[in-house]
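Undergrad: missing the sequence, but the structure's below:
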């Protein structure tokens, strides 16, 4: 039934749980400040659902935001498929997958069939769990920007987990020059390892100055911006006339002012992406895009998620505090099994 023939006690417990009965270990959140250990019923199946026994769950900045109500934390995972819904591909049974779903800091999760990837064989469980959110987000941002082969791309907050992926995606799409910025030089090596041609160290207000200096006054064709906030004006000023800025992250704040006269005068396009509330079929196109555009790079070793730290399931609360501290290069992953 689940693509497994062993009949040991653990398998039998799993089999009893997949029909919605039984309980599982979880970490719950609500205020964004702390996690609490608990138990919850195994989630029920849906027609588009795929039940996965979670092996690893990656944390994201969204896990730090208060939701207003208690919920099972986490929304990114890797694991083994135990059961598929009526609308899902039965060949997934027993396969190792990674994907996005609500409530991944748990023994089991039910994910939408459109929001799964077959986990690349050369990635560990931790690396596979760190793949879906960042790579689909940055691929969507790059498509929104219209990055083409031979172009120049600026990645702000290049040492963040999203920034490190953005560098790799831009390179895989054929960018001739990728520039990454950071506020401190201590993480420069990680950005160069990810594929950045130049790493510029600057406070947000000096960002345009250092980028223009590095490009002989020209600026860059495209910006994948993870700062936002009060840095946005300086980000926009870093582009060529007619350039494009895509707001992906908001590490410098969710609100900022923009000189609309300068934006219009220089014909700069300002766009934004967020996939938190994206319809399932639209998000599914990004997962399809990963297979078409990025999978070959992952299998060849050119593209790889970066895991900065991993924690045991019992220490998930410490993992969240490490994420909040913001000192780790790469994703923070909780090993569930």
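TA: Structure's in. What do you need? Just so we're clear, the structure is a prediction, and the values are computed from it rather than from any experiment.
Undergrad: ok, the nearest residue to residue 305 once chain neighbours are set aside - contacts?
TA: Excluding the flanking residues, the one nearest residue 305 by C-beta to C-beta, 6 or more residues apart in numbering is residue 130, at 4.1 Å. For glycine as for every other residue, the C-beta is placed from the backbone atoms N, C-alpha and C. When contacts are counted by C-beta atoms under 8 Å, 6 or more residues apart in numbering, residue 130 is found next to 58, 76, 161, 305-307, 330-331, 333.
Undergrad: tell me the SS of the spatially most central residue of the chain?
TA: Nearest to the mean C-alpha position of the chain, by C-alpha atoms, centre = their mean, lies residue 134 at 2.1 Å. Of the three states, residue 134 takes helix under DSSP: H, G, I helix; E, B strand; the rest coil.
Undergrad: Show me how the record splits this protein into domains.
TA: Split into domains by automatic domain parsing, the chain comes to 9-131+305-335, 138-272.
Undergrad: As a markdown table, those domains with distance to residue 297 and mean pLDDT would be great.
TA: As requested, the domains of the chain are exported to a markdown table (distance: least, C-beta to C-beta, whole Å; pLDDT from 0 to 100):
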| stretch | distance to residue 297 | mean pLDDT |
| --- | --- | --- |
| domain 9-131+305-335 | 10 | 91 |
| domain 138-272 | 5 | 96 |
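Undergrad: Residue 294: which of the ones you listed is closest?
TA: Closest approach to residue 294 among the domains of the chain is made by domain 138-272 (6.1 Å; C-beta to C-beta).
Undergrad: chain center to that closest one, what's the gap?
TA: Its chain's C-alpha centre and that of domain 138-272 lie 18 Å apart, by C-alpha atoms, centre = their mean, to the nearest Å.
Undergrad: Span of it from start to end?
TA: 12 Å (C-alpha to C-alpha, to the nearest Å).
Undergrad: got it, and stretch 328-337?
TA: 23 Å.
Undergrad: same deal with stretch 120-129?
TA: 11 Å.
Undergrad: And that stretch, what's buried?
TA: 120, 123-129 (16 or more other C-beta atoms under 10 Å).
Undergrad: Over to stretch 39-54?
TA: Of the residues in stretch 39-54, 40, 42-43, 45-46, 48-54 count as buried by neighbour count, 16+ other C-beta under 10 Å.
Undergrad: May I see the residues you listed arranged in TSV, with secondary structure and distance to residue 107 as well?
TA: Below are the buried residues of stretch 39-54 laid out as TSV (DSSP: H, G, I helix; E, B strand; the rest coil; distance: C-beta to C-beta, whole Å):
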residue	secondary structure	distance to residue 107
40	strand	9
42	coil	8
43	coil	10
45	coil	15
46	coil	18
48	coil	21
49	strand	16
50	strand	15
51	strand	11
52	strand	10
53	strand	7
54	strand	6
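Undergrad: my read: residue 129 touches residue 98, true?
TA: Yes - counting by C-beta atoms under 8 Å, residue 129 does reach residue 98; the two are 5.9 Å apart.
Undergrad: can you give me the strands in the stretch 151-300 of the chain?
TA: 152-155, 177-182, 198-201, 220-225, 239-247, 269-272 (DSSP state E, counting those that start in this stretch).
Undergrad: who does the fourth one pair up with?
TA: With DSSP bridges as the test, strand 220-225 is paired with strand 152-155 (parallel), strand 239-247 (parallel).
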